[in-house]
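Colleague: Below are the sequence and a predicted model; questions follow.
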Amino acid sequence: MRMEISFPGGKKVDAHFGGHVVRTDQPASNGGEDSAPAPYMVFLASIGTCAGIYVAGFCQNRGLPTEGIRVIQDNDFNAETGRLDAVRLHIEVPEDFPEKYHEALVRVAQKCAVKRTLMDAPTFDVVTEVRLGAA
């Protein structure tokens, strides 16, 4: 699967793939226009939204309503390094959500592909290529 990254101006950087565009920008404090989330925020959001897809699918497969269900994501950063230390996902359900499914929601959220990728990190290769004929 290939993504093309483009630079529409300023601090904006966009990712194009599968007919979609994910737009990013930097906050004004970093010289951007704050017109879109910063790339790192998109990365963090992918964790919670991925878990949410699994939670929603679990409910939909069982005919359970998703109204009133929320995934709350808390991100803890190391005060010295600024790096992400921990991610906590809280699946909030309404009072009438069947208790027998509470632990099952945790298990399906744990299957999130983004989380699994982070737990078994891929290798990264970065190279420069000269595109012939480009003006």
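Modeller: Cool, got the structure.
Colleague: going forward, measure contacts and count neighbours with C-alpha atoms only.
Modeller: OK.
Colleague: Just give me the residue closest to the centre of this protein.
Modeller: Residue closest to the average C-alpha location in the chain (CA atoms, centre = their mean): Ser46, at 0.8 Å.
Colleague: To which secondary structure element is that one assigned?
Modeller: Ser46 is located in helix 39-61, with elements delineated by DSSP states H and E.
Colleague: now swap in Ala15 and tell me
Modeller: Going by DSSP H and E, Ala15 is in strand 12-17.
Colleague: Show me how far that strand is from its chain's centre.
Modeller: 15 Å (CA atoms, centre = their mean, to the nearest Å).
Colleague: and it, what other elements does it pack with?
Modeller: strand 4-9, strand 20-24 (3 or more CA pairs under 8 Å, 6 or more residues apart in numbering; DSSP states H and E).
Colleague: Just give the strands next to the shortest one in its sheet, each with its orientation.
Modeller: Meaning strand 20-24. strand 12-17 (antiparallel) (DSSP bridges).
Colleague: Report how many residues lie close to Thr117.
Modeller: 10 (other CA atoms under 10 Å).
Colleague: got the contact list for the helix or strand containing it?
Modeller: Element membership for Thr117, per DSSP H and E: helix 113-119. Defining contact as CA atoms under 8 Å, 6 or more residues apart in numbering, one finds that helix 113-119 is touched by 46-47, 50.
Colleague: how does it look with 6 Å?
Modeller: Ile47 (CA atoms under 6 Å, 6 or more residues apart in numbering).
Colleague: mean confidence score for that helix?
Modeller: Mean pLDDT, helix 113-119: 96.
Colleague: from the helices and strands packed on strand 12-17, which stretch is densest packed?
Modeller: Ranked by mean neighbour count, these are led by strand 20-24 with a mean of 16 (mean count of other CA atoms under 10 Å).
Colleague: CA-only coordinates of that strand in PDB, if you can.
Modeller: Extracted in PDB, the C-alpha atoms of strand 20-24 (Å, rounded to 0.1, in the frame of the first residue of the first chain):
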ATOM      1  CA  HIS A  20      -8.600  10.000   0.700                       C
ATOM      2  CA  VAL A  21      -6.500  12.900   2.000                       C
ATOM      3  CA  VAL A  22      -5.400  13.300   5.600                       C
ATOM      4  CA  ARG A  23      -4.500  16.900   6.100                       C
ATOM      5  CA  THR A  24      -2.000  18.000   8.800                       C
END
